[in-house]
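[1] Okay, here's the prediction I keep looking at, along with the sequence it came from:
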Amino acid sequence: MLGVPGGAYCGSVWRFALFRRWWVGHVLVVTLCAAFVRLGRWQWDRSQSPTGDWQNLGYALQWPLFAVVLVAAWARFLWLEHHRAPETGSQHPEMVPGSPTSEPAAPVSRRPADRPIREDDPDDELAAYNAYLARLAEQDCC
């Protein structure tokens, strides 16, 4: 059975892509791809005409490439949306998936931010440049 553990399909399903807020993007991508392919076909016909040249042939090959890049970018955007990290700072603690009780999960402690690494050797040239910039800033203020 599909959708149950041990069923026929074990992969991840992108059901979020069928939500209403994504339909505008889907329609826009399909419309633009159709327009790009149509423009490529028009340039191909133009390149085959007596007044056509190599530039039209180049555009005829370029427009379908734009459609391929658009589809790849949209697929990458959806992939990133599917694999994004859960939002932090939500007001309600998240529930543990598959938990038989409705108790919220214990908050996860956050690791303190790493401190900047101190340099062992101070750079004299960088210090001189920073002093020069400080003098310029003082002159600019007055």
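    Right, received. Where do you want to start?
[2] buried set for the strand or helix carrying Thr31?
    Using DSSP states H and E, Thr31 maps to helix 20-48. Counting neighbours by 16 or more other CB atoms under 10 Å, one finds that the buried residues in helix 20-48 are Trp22, Val29, Cys33, Phe36, Leu39, Gly40, Gln43, Trp44, Arg46, Ser47. For every residue, glycine as well, the C-beta is placed using N, CA and C.
[3] would you turn these into CSV with pLDDT and distance to Ala67?
    Shown next, in CSV, are the buried residues of helix 20-48 (pLDDT from 0 to 100; distance: CB to CB, whole Å):
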residue, pLDDT, distance to Ala67
Trp22, 77, 19
Val29, 91, 9
Cys33, 94, 4
Phe36, 95, 4
Leu39, 93, 9
Gly40, 93, 8
Gln43, 91, 13
Trp44, 91, 14
Arg46, 89, 18
Ser47, 87, 18
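[4] Pick the one among those residues closest to Glu81.
    Closest approach between the buried residues of helix 20-48 and Glu81, by CB to CB: Trp22, at 8.6 Å.
[5] hang on, the earlier thing: kindly indicate which of the buried residues of helix 20-48 lies nearest Ala73.
    For the buried residues of helix 20-48, the minimum distance to Ala73 (CB to CB) is 8.8 Å, reached by Val29.
[6] What is the neighbour count of the closest residue to the closest one other than its chain neighbours?
    The shortest distance from Val29 to any non-neighbouring residue, by CB to CB, 6 or more residues apart in numbering, is to Trp74 (4.8 Å). When neighbours are counted by other CB atoms under 10 Å, Trp74 registers 19.
[7] Next, work out how far apart Trp74 and Tyr129 are.
    Using CB to CB, to the nearest Å, Trp74 is found at 45 Å from Tyr129.
[8] can you check Trp63 too?
    According to CB to CB, Trp63 and Tyr129 sit 49 Å apart.
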